[in-house]
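J.: Sequence and computational prediction follow.
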Amino acid sequence: GENVEQHPSTLSVQEGDSAVIKCTYSDSASNYFPWYKQELGKRPQLIIDIRSNVGEKKDQRIAVTLNKTAKHFSLHITETQPEDSAVYFCAASKTDKLIFGTGTRLQVFP
Amino acid sequence: EAGVAQSPRYKIIEKRQSVAFWCNPISGHATLYWYQQILGQGPKLLIQFQNNGVVDDSQLPKDRFSAERLKGVDSTLKIQPAKLEDSAVYLCASTFAGSTEAFFGQGTRLTVV
């Protein structure tokens, strides 16, 4: 079955810097790659997603890139703000079942 | 639009006791998922329903876990008997049939002592 690896497990950045989180997946048939943000004690919320027919997608300060050949995708956050501090999860899916990575705890220091 | 509702929010039980969690998905969402999220890990799929039928329960420890969605709307997840390693947040999520955008509930934090 699908396996998703996520790195790094923790990431600390200064406010205004960029943050990059990377994921790799094992099943080449996976075609949907969402990113979820989970604040402490709250539910995971979808922040951006990308499908396998697209190489890059951007939404304001957040972007996701996908390399199908290498089977990896990345989340890029520019101009980070303290409210970006949370745990971020990547996921991969080829049907309607999401397989999640282990999460990255992002801390943005003022 | 109302979100996915779960109850209770927190539960503390002793090992070998039983516990049940409830989930009400977003109206019209045919697909419902139960995930287990152990502290520091990503959500792990336990079971997936399409309406009132089970699509995937390959990761459900069936000797102690059970789930049902009898009328294709609300769902319950039960653990009997609970073990210490069952301590986790149990998340319910739902989607429209065939959709991949999952909406999550707040989760139930289970502590087994």
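T.: Everything's here; your move. Numbers count the residues shown, from 1 in each chain, chains lettered A, B, ... in the order given.
J.: ok, now which ones touch residue A:80?
T.: Contacts for residue A:80 were tallied using CB atoms under 8 Å, 6 or more residues apart in numbering or on different chains; they are A:13, A:14, A:15, A:16, A:17, A:18, A:19, A:61, A:106, A:108. Using the backbone N, CA and C atoms, a C-beta is placed for each residue, glycine as well.
J.: roughly how far apart are it and residue A:36?
T.: To residue A:36, residue A:80 is 17 Å away according to CB to CB, to the nearest Å.
J.: Would you mark the buried spots in stretch A:38-52?
T.: Neighbour counts using 16 or more other CB atoms under 10 Å in any protein chain shown place A:38, A:43, A:44, A:47, A:48, A:49, A:50, A:52 of stretch A:38-52 among the buried residues.
J.: Go ahead and confirm the fourth one touches residue A:21.
T.: No - with contact taken as CB atoms under 8 Å, residue A:47 and residue A:21 are classed as non-touching, separated by 11.4 Å.
J.: shared neighbours of those two, which are they?
T.: With the criterion set as CB under 8 Å, 6+ apart, the overlap between the contacts of residue A:47 and residue A:21 is residue A:88.
J.: From residue B:89, how far out is residue B:110?
T.: 7 Å.
J.: quick one on the thing from earlier: just put the buried residues of stretch A:38-52 in TSV and tack on pLDDT.
T.: Formatted as TSV, these follow (pLDDT from 0 to 100):
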residue	pLDDT
A:38	93
A:43	90
A:44	91
A:47	96
A:48	96
A:49	95
A:50	94
A:52	89
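J.: Next, the residues that contact the helix or strand of chain A with the lowest mean pLDDT from outside, please.
T.: Taking all helices and strands of chain A together, the one with the lowest average confidence (mean pLDDT, DSSP states H and E) is strand A:99-100, at a mean of 92. Outside strand A:99-100, the residues that touch it by CB under 8 Å, 6+ apart are A:1-4, A:25, A:36, A:89-93, B:35, B:42-45.
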